[in-house]
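A.B. asks: Any chance you could fold what I've pasted below:
(one chain, ligands or ions: 1)
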Amino acid sequence: MMPMPSIGITCYPSQGGSGVVATELGLHLARRGCEIHFISSQLPFRLHGYDRNIFHHKVEMPTYPVFEHSPYTLSLASAMAEVAAQCELDLLHVHYAIPHAASAYLARQMLLPRRLPIITTLHGTDITLVGKEPSFFPITRFVIEQSDAVTAVSSFLKQETIRVFDCGRDIEVIPNFVDARQFQPRRDTELRARFAPDDRLVLLHASNFRKVKNTSAVVEVFAAAREKVPVTLVMVGEGPELPGVRKLVREKGIQDHVHFLGHIDRLEDVLPTTDVLLLPSWHESFGLVALEAMACETVPIVTDRGGASEFITDGHNGYLRAPDDIEGMVQAIELLAKDPALRLQVAETARRDAAGDFGAGCVVRTYLDLYERVLEHKAG
Ligand code: GMT
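C.D. replies: Residues are numbered from 1 along each chain as shown. Predicted coordinates for the structure are as follows:
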């Protein structure tokens, strides 16, 4: 049995699934005795700054008039190399390939002849959108090949990576996870009453309001569902599409029935007060918020494009619909509103399935096994 490793984790610190996964992973590993060093431009948003075994190293980004843009990739590489040497890190685990895996590669080169292992976790648009940009393509392929281990959050994303980059290397699927003690089906009746004074269905959408989230479809589905059953809509998050969504809501005259909460830190406080999650994205490599919803017994109605079918079985623990299938999503809402027994059954199954194979305990253990294999391979 190896001693618990010291791990450098890099992720995007702002609200977003890859940052959430990296932060929650770090927190769970720290509770199991690993020393975790977050190396990022800000404290990741789910960290408090005082968690045991957790350290944060802020990447400074100096600006000079001669720089058109601050070279973050280089500042990050320097910070990674420095932290790895000073804190005797055993490995770097980077979340989201661009530019984190490239910085990690540079840091490893800076530390030669010691070879610091790099694990890269692919999350989604680092492959499906950004990685395909001609200017990012060669570097993304290079750093995927150079990593000591590469993981993808779904089989869908693994297949996409192999297809897009024509890469022959091994990619391990380690799905996202949810802490079922943190995401629970308790009800804050006061908050729920603010959303819905009666027992109407409360629908929720939570995202970073980017184009890929197809947020106008959420409004279309809600407006059509309202014609059939009593519902209210809660929108969580901020992003470039939000002004357009607000405008659409006003144009449809449904502003009194839509609650815009903006960015919130603790989704686990709001999710359990809602009944249905709507996530009609153009694609989702995983769709972490759907798994978090399931743990709270909020029934997910999620895009069928991407990896959600790896944890949602249509009609069993949620519903899968094409992103433009407005009618199909409305029908699922109508079914749930008219048949409370069915809704309860689907919701309870959702929580059981989320807490099982996708529970934190199970998935964090898989990451630890991977670290052990990578470190053993290095030692051997
Ligand atoms: O790739 C992105 O869009 C960003 C990323 C994020 O940081 O939110 O989202 C991706 O990673 C999440 C965590 O693994 C997944 O749950 C999301 O499905 C995935 N987003 C997309 O595939 C659009």
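A.B. asks: Please enumerate the strands of this structure.
C.D. replies: Assignment of strands within the chain using DSSP state E yields the ranges 6-10, 35-40, 54-58, 91-95, 118-122, 149-152, 172-173, 201-206, 231-236, 258-262, 276-279, 299-303, 319-321.
A.B. asks: chain center to the shortest one, what's the gap?
C.D. replies: Spelled out, it's strand 172-173. The chain centre lies 16 Å from the centre of strand 172-173; the measure is Cα atoms, centre = their mean, to the nearest Å.
A.B. asks: quick one: is it near the ligand?
C.D. replies: No. Figure legend: strand 172-173 not in contact with the ligand (Cβ under 6 Å from any ligand atom); closest approach 11.8 Å. Where C-beta positions appear, they are placed from N, C-alpha and C, glycine not excepted.
A.B. asks: which strands and helices sit next to that strand?
C.D. replies: Applying 3 or more Cβ pairs under 8 Å, 6 or more residues apart in numbering; DSSP states H and E, we find strand 172-173 packed against strand 149-152, helix 155-165.
A.B. asks: one step back: could the strands of the chain be laid out in CSV, adding mean pLDDT and mean neighbour count?
C.D. replies: Shown next, in CSV, are the strands of the chain (pLDDT from 0 to 100; neighbours: other Cβ atoms under 10 Å):
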stretch, mean pLDDT, mean neighbour count
strand 6-10, 98, 24
strand 35-40, 98, 24
strand 54-58, 96, 17
strand 91-95, 98, 28
strand 118-122, 98, 27
strand 149-152, 98, 23
strand 172-173, 98, 16
strand 201-206, 97, 25
strand 231-236, 98, 24
strand 258-262, 97, 15
strand 276-279, 98, 27
strand 299-303, 98, 28
strand 319-321, 98, 22
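A.B. asks: can you tell me which of the ones you listed comes nearest to Val20?
C.D. replies: Closest to Val20 of the strands of the chain is strand 91-95 (Cβ to Cβ; 9.7 Å).
A.B. asks: Would you enumerate the residues in contact with the residue nearest to Gly307 when sequence neighbours are not counted?
C.D. replies: Among residues not flanking Gly307 along the chain, Ser154 sits closest, at 2.8 Å (Cβ to Cβ, 6 or more residues apart in numbering). Neighbour list for Ser154: Val173, Pro175, Ser285, Phe286, Gly306, Gly307, Glu310 [criterion: Cβ atoms under 8 Å, 6 or more residues apart in numbering].
A.B. asks: 7 Å instead, please
C.D. replies: Residues in contact with Ser154, defined by Cβ atoms under 7 Å, 6 or more residues apart in numbering, are Val173, Pro175, Ser285, Phe286, Gly307, Glu310.
A.B. asks: ok so, going back, so can I have CSV of the strands of the chain showing distance to Ala350?
C.D. replies: Formatted as CSV, the strands of the chain follow (distance: least, Cβ to Cβ, whole Å):
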stretch, distance to Ala350
strand 6-10, 29
strand 35-40, 30
strand 54-58, 31
strand 91-95, 26
strand 118-122, 25
strand 149-152, 23
strand 172-173, 21
strand 201-206, 14
strand 231-236, 18
strand 258-262, 22
strand 276-279, 10
strand 299-303, 6
strand 319-321, 10
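A.B. asks: can I get the helices and strands packed on strand 172-173 in a markdown table with distance to Met2?
C.D. replies: Output for those, formatted as a markdown table (distance: least, Cβ to Cβ, whole Å):
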| stretch | distance to Met2 |
| --- | --- |
| strand 149-152 | 16 |
| helix 155-165 | 27 |
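A.B. asks: winner for burial among those?
C.D. replies: The highest mean neighbour count among the helices and strands packed on strand 172-173, using mean count of other Cβ atoms under 10 Å, belongs to strand 149-152: a mean of 23.
A.B. asks: For it, name the packing helices and strands.
C.D. replies: strand 118-122, strand 172-173 (3 or more Cβ pairs under 7 Å, 6 or more residues apart in numbering; DSSP states H and E).
A.B. asks: Please identify which of those strands is closest to Leu191.
C.D. replies: Closest to Leu191 of these, according to Cβ to Cβ: strand 118-122, at 33.5 Å.
A.B. asks: and the closest one, is it in reach of the ligand?
C.D. replies: No. With Cβ under 6 Å from any ligand atom as the criterion, the ligand is not reached by strand 118-122; the gap is at least 7.9 Å.
A.B. asks: from memory Thr73 sits against Ser103, does it?
C.D. replies: Yes. Under the criterion of Cβ atoms under 7 Å, Thr73 makes contact with Ser103 at 5.2 Å.
A.B. asks: higher neighbour count, the two?
C.D. replies: Using other Cβ atoms under 10 Å, the more surrounded residue of Thr73 and Ser103 is Ser103, with 27 against 15.
A.B. asks: That one and Pro71 touch, don't they?
C.D. replies: No. With contact taken as Cβ under 7 Å, Ser103 and Pro71 are classed as non-touching, separated by 10.3 Å.
A.B. asks: pLDDT score for the residue nearest to Phe165 when sequence neighbours are not counted?
C.D. replies: Sequence neighbours aside, Arg141 is the residue nearest to Phe165 in space, at 4.6 Å (criterion: Cβ to Cβ, 6+ apart). With respect to pLDDT, Arg141 scores 95.
A.B. asks: okay, now Arg141: neighbour count?
C.D. replies: 17.
A.B. asks: Can you tell me how far it is from Arg114?
C.D. replies: As judged by Cβ to Cβ, to the nearest Å, Arg141 and Arg114 stand 26 Å apart.
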